[in-house]
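> Below are the sequence and a predicted model; questions follow.
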Amino acid sequence: MSQHKVVLLLGSNLGEQKKNIELALQKLSDTGNEISQISEFLMSDPVEFASSNIFCNIAVIILTHLSPIQLLDCIKDIEVEMGRINDSKVTGGYTDRVIDIDIIKYNELIFKSERLEIPHKKHLFERDFSRILLKDFI
């Protein structure tokens, strides 16, 4: 089984944001993914929705044996386990969240399905906070 290099972005704007992110990283590690590199934390305003809750975000590189869809399933399980109720694909918009984990890049793969698009174009090209976090990762 080969390992895949994956760039993720994690964010939280509810509860103790840094602790939420640290717990999500631990859960990613507990499911067999190796955390290879972690950015600094970055505080940012919500993007594409209004909220008085500021986001805490980080970028990470993981090494995984999971396929893109298996990794997405793993991430969605972690989000639900941590109390995330609404997924933006289901609700059609963004809301406050305990944890959000996005797959930004998966090796050099270009992939598109109903559930997942890699690379994650909004984070790579449209969102300022993402570009700041990803500058040393991409």
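On my side now, so go ahead.

> How about the secondary structure of the closest residue to residue 27 other than its chain neighbours?
Spatial nearest neighbour of residue 27, excluding adjacent residues (CB to CB, 6 or more residues apart in numbering): residue 78 at 4.7 Å. Yep, even glycine has a C-beta here, placed from its N, CA and C like the rest. Here residue 78 is helix, with the state taken from DSSP: H, G, I helix; E, B strand; the rest coil.

> what's around residue 117, how many residues?
Neighbour count for residue 117, taken as other CB atoms under 10 Å: 14.

> Kindly report the same for residue 126.
Residue 126: 12 surrounding residues under other CB under 10 Å.

> And it, its phi and psi?
Main-chain dihedrals, residue 126, degrees, to the nearest 10: phi -110, psi -30.

> Next up, the contacts around residue 121.
Under the criterion of CB atoms under 8 Å, 6 or more residues apart in numbering, residue 121 has no contact partners.

> After the host helix or strand of residue 5, which helix or strand is next?
In this assignment (DSSP states H and E), residue 5 forms part of strand 4-12. Using DSSP H and E, the next helix or strand after strand 4-12 towards the C-terminus is helix 17-30.

> re earlier: tell me the helices and strands packed up against the strand holding residue 5.
On a contact count with 3 or more CB pairs under 8 Å, 6 or more residues apart in numbering; DSSP states H and E, strand 4-12 meets helix 17-30, strand 55-64, strand 100-106, helix 128-134.
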